[in-house]
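Chemist: Take a look and give me a structure for this.
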Amino acid sequence: MTGRILRTELRRSAAGAAGLVLLLVCLAFVYSTPGRGPFWRDATAWTAQWGSLAVWSRFMFLLGWPAVVGVGAVAGLRDRRSGIGELLGTTARPAWQRIAAPVGALALAAVTGYAALLSVGGVQVAAHDGLPRPWWVPVAFVGSAALVAGGWLGFGIARAVPSVLTPPLLAGGALAGTIGLFLSTPVGDGSTPEGNVGAPVRLLLLSPVLSGPAHPWQTVAGRVSLGQAAWWLGLAGAGLLLATAAHRRARVAAVPAALAGLAAALVLLPGTAGAVHGVDRAAAALSCVDGLCLTRLHEPMRRTLRAPAERALAALRVVPGAPARIEEVPAAEPRSGPPPRRADAILFNADWAQYAGRDGDQLASAFVLGAGTPSCFGAHDAPDEGTTRRQDRELVARHVVAARLLGDPVPLQKASSAYGPEVGATAREAWLALDALDAPARTARYAAVRDAGLTCRADPLAALTGLAS
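Modeler: From the prediction side, this is the model:
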């Protein structure tokens, strides 16, 4: 097959459209909800790191892979549409030579489209100082193999069943399959989407789709990429055998190829959700400078966080037992329950949207909230009426202490206006109650709020004002 023939196929046949269709479908999927959809989730956004780019690009196969299957089927109907299928079948030229150009163009177009998609995200990752990590390359390679296999399988089935209904039925079936498997796929923490029952993990991993990362240090296990590569190479071989088969008996040879890939995949793929993902320990390693400890992955954030961190630690020195450092937690925010806490450090989750987008005053205030302690309520917990009242009281105590220690009431005023007049009135009462105390007594109250935040047993507002809840 010469380069001239391949270029002609890319320009004039449906196979050449596979890459463009893939790119347009995936980008439309991403940018249909800019800043709000799953692709834009803070530190795990698809343009934040190379690893998250590779994983999110595979999530886009939810729509992109069925589109490539459909384009492959359209390309496979070319001989039938042109009415020369029987004529070509009488020539002495082997079938594999006749289909080499269209299937080669189909594979090249699909891989090129995927590379273009990765390039669109990669430019933005580089602009965000993303940390290159080698594990994302196998994830992208398996994605390329899945696209080639999908295109060739569609091509082969369309040649075996040359009907105008074949492309839409194949694309629709592929779409239903990817969505169905995704809805039962374990998310990053090993659970399944709410309302769905998880299928066997090995079965779910036969999908071309990967669920989005739970945190930026999450990796895809090497066993997963190896097993999926075996599966897709088996399906690609089955597609080629279907495409070159001259009669029904020869098409049966595609079944052993697919089964061989399936058998290899089932041996290699992990059987538990916890073994699907790992942690990139090198990227999660902490580096501490002047009391600010960041993971290697988020070292570029030091420029933004250094001054606010120094200000926060200086403000907290008056509180007995105050922490000596601020430390990033290399893990996802808990899906239920309060975040982790430690007496010797202020712990925070490095979230680009939450931290890097704030100015210095807001960052310092965020670190000093509750005298350097996190909330005792989970961010994803559904509160009842009683819990809401306790949350409001904690909110007031945390913000009043931060404003007092920093000598800046502006964050408190903003919080009061954001959470309603009742919260604002309670904050003013707490502020005035502290005004009536001397400096040592106020410091003791700050320490009491810190103790309440570390143990989550006492009412922090009562500890701050000295009044029962």
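Chemist: quick one: residue 215 from residue 409, how far?
Modeler: Remark: distance between residue 215 and residue 409 (Cβ to Cβ, to the nearest Å) = 35 Å. Every residue, glycine included, has its C-beta placed from N, CA and C.
Chemist: more neighbours, those two?
Modeler: residue 215 (23 against 16; other Cβ atoms under 10 Å).
Chemist: those strands in this protein, which residues are they?
Modeler: Listed in chain order, the strands of the chain (DSSP state E) span residues 218-220, 277-279, 286-289, 292-295, 325-328, 345-348.
Chemist: Make TSV out of those strands and add mean neighbour count and mean pLDDT.
Modeler: Shown next, in TSV, are those (neighbours: other Cβ atoms under 10 Å; pLDDT from 0 to 100):
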stretch	mean neighbour count	mean pLDDT
strand 218-220	22	93
strand 277-279	18	91
strand 286-289	12	94
strand 292-295	22	95
strand 325-328	20	95
strand 345-348	21	93
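Chemist: Kindly reformat those strands as TSV and extend each row with distance to residue 56.
Modeler: Formatted as TSV, the strands of the chain follow (distance: least, Cβ to Cβ, whole Å):
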stretch	distance to residue 56
strand 218-220	12
strand 277-279	14
strand 286-289	26
strand 292-295	20
strand 325-328	22
strand 345-348	24
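Chemist: buried sites along stretch 295-315?
Modeler: Neighbour counts using 16 or more other Cβ atoms under 10 Å place 295-298, 301, 304-306, 308-309, 311-313, 315 of stretch 295-315 among the buried residues.
Chemist: Residue 75: which of those is nearest?
Modeler: Nearest to residue 75 out of these is residue 297 (Cβ to Cβ; 41.6 Å).
Chemist: In space, what's closest to that closest one - neighbours in sequence excluded?
Modeler: Among residues not flanking residue 297 along the chain, residue 283 sits closest, at 4.2 Å (Cβ to Cβ, 6 or more residues apart in numbering).
Chemist: and the one you found, what does it touch?
Modeler: By Cβ atoms under 8 Å, 6 or more residues apart in numbering, the contact list for residue 283 reads 131, 133, 216-217, 295-297.
Chemist: Domains in the chain, by residue range?
Modeler: The record's domain parsing of the chain by automatic domain parsing lists 3-280, 285-465.
Chemist: end to end, how far does the last one reach?
Modeler: Across domain 285-465, the straight-line distance between its terminal residues is 41 Å, by Cα to Cα, to the nearest Å.
Chemist: just use 4 as the starting number from now, easier for me
Modeler: Sounds good: first residue 4 from here, last item domain 288-468.
Chemist: which residues does the nearest residue to residue 141 once chain neighbours are set aside contact?
Modeler: Leaving aside its sequence neighbours, residue 141 sits nearest to residue 228 (Cβ to Cβ, 6+ apart; 4.0 Å). Residues near residue 228 by Cβ under 8 Å, 6+ apart: 141-142, 144-145.
Chemist: Mind telling me the two of those residues farthest from one another?
Modeler: With Cβ to Cβ as the measure, no two of the contacts of residue 228 lie farther apart than 142 and 144, at 7.3 Å.
Chemist: which one of those two has more residues nearby?
Modeler: Neighbours were counted for residue 142 and for residue 144 using other Cβ under 10 Å; residue 142 has more, 21 against 15.
Chemist: Verify the stated contact: the more buried one with residue 223.
Modeler: Yes - with contact defined as Cβ atoms under 8 Å, residue 142 reaches residue 223; the gap is 5.2 Å.
Chemist: Need the overlap of contacts for these two.
Modeler: Joint contacts of residue 142 and residue 223 (Cβ under 8 Å, 6+ apart) are 58, 213.
Chemist: Need the buried residues of stretch 298-318 in JSON lines (columns: distance to residue 422).
Modeler: Below are the buried residues of stretch 298-318 laid out as JSON lines (distance: Cβ to Cβ, whole Å):
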{"residue": "298", "distance to residue 422": "32"}
{"residue": "299", "distance to residue 422": "37"}
{"residue": "300", "distance to residue 422": "33"}
{"residue": "301", "distance to residue 422": "30"}
{"residue": "304", "distance to residue 422": "28"}
{"residue": "307", "distance to residue 422": "26"}
{"residue": "308", "distance to residue 422": "26"}
{"residue": "309", "distance to residue 422": "30"}
{"residue": "311", "distance to residue 422": "23"}
{"residue": "312", "distance to residue 422": "26"}
{"residue": "314", "distance to residue 422": "24"}
{"residue": "315", "distance to residue 422": "22"}
{"residue": "316", "distance to residue 422": "27"}
{"residue": "318", "distance to residue 422": "23"}
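Chemist: from those residues, which is closest to residue 249?
Modeler: The closest of these to residue 249 turns out to be residue 300 (Cβ to Cβ; 54.1 Å).
Chemist: measure the closest one to residue 378 for me?
Modeler: Residue 300 is 25 Å from residue 378, by Cβ to Cβ.
Chemist: number of nearby residues for residue 363?
Modeler: If you count neighbours by other Cβ under 10 Å, residue 363 ends up with 14.
Chemist: ah, wrong one, I meant residue 118
Modeler: For residue 118, the neighbour count with other Cβ under 10 Å is 15.
Chemist: try the one 10 residues further on
Modeler: As a burial measure, residue 128 scores 22 neighbours (other Cβ under 10 Å).
Chemist: before we move on, what about residue 399?
Modeler: 28.
Chemist: again with residue 284
Modeler: By other Cβ under 10 Å, 11 other residues sit near residue 284.
Chemist: now residue 211
Modeler: Residues within reach of residue 211, counting by other Cβ under 10 Å, total 28.
Chemist: And the pLDDT for it?
Modeler: pLDDT recorded at residue 211 is 97.
Chemist: That one contacts residue 147, correct?
Modeler: No - with contact defined as Cβ under 8 Å, residue 211 does not reach residue 147; the gap is 10.6 Å.
Chemist: Show me where this structure dips below the pLDDT cut-off.
Modeler: Residues of the chain meeting the criterion pLDDT under 70: 4-15, 37-40, 82-101, 189-202, 338, 353-360, 382-389, 413-415, 417-421, 471-472.
Chemist: just curious, which of the contacts of residue 228 is nearest to residue 333?
Modeler: Using Cβ to Cβ, the contacts of residue 228 come closest to residue 333 at residue 142, 19.9 Å.
Chemist: residues in contact with the closest one?
Modeler: 54, 57-58, 61, 213, 223, 228.
Chemist: hang on, the earlier thing: how close does the residue nearest to residue 141 sit to residue 64?
Modeler: Look at residue 228 and residue 64: by Cβ to Cβ, they are 15 Å apart.
Chemist: re the thing from before, out of the strands of the chain, which is closest to residue 186?
Modeler: strand 280-282 (18.6 Å).
Chemist: Direction included, what does the closest one pair up with?
Modeler: Strand 280-282 pairs in its sheet with strand 221-223 (antiparallel), by DSSP bridges.
Chemist: hmm, who's touching the strand it pairs with?
Modeler: 54, 58, 136, 138, 141-142, 191, 213, 279-283, 335.
Chemist: Can you list the buried residues in stretch 114-126?
Modeler: Using 16+ other Cβ under 10 Å as the test for burial, stretch 114-126 gives 114-117, 120-121, 123-125.
Chemist: quick one, phi/psi of residue 210?
Modeler: Main-chain torsions, residue 210, degrees, to the nearest 10: phi -80, psi 150.
Chemist: any idea how far residue 164 is from it?
Modeler: With Cβ to Cβ as the criterion, residue 210 and residue 164 are 23 Å apart.
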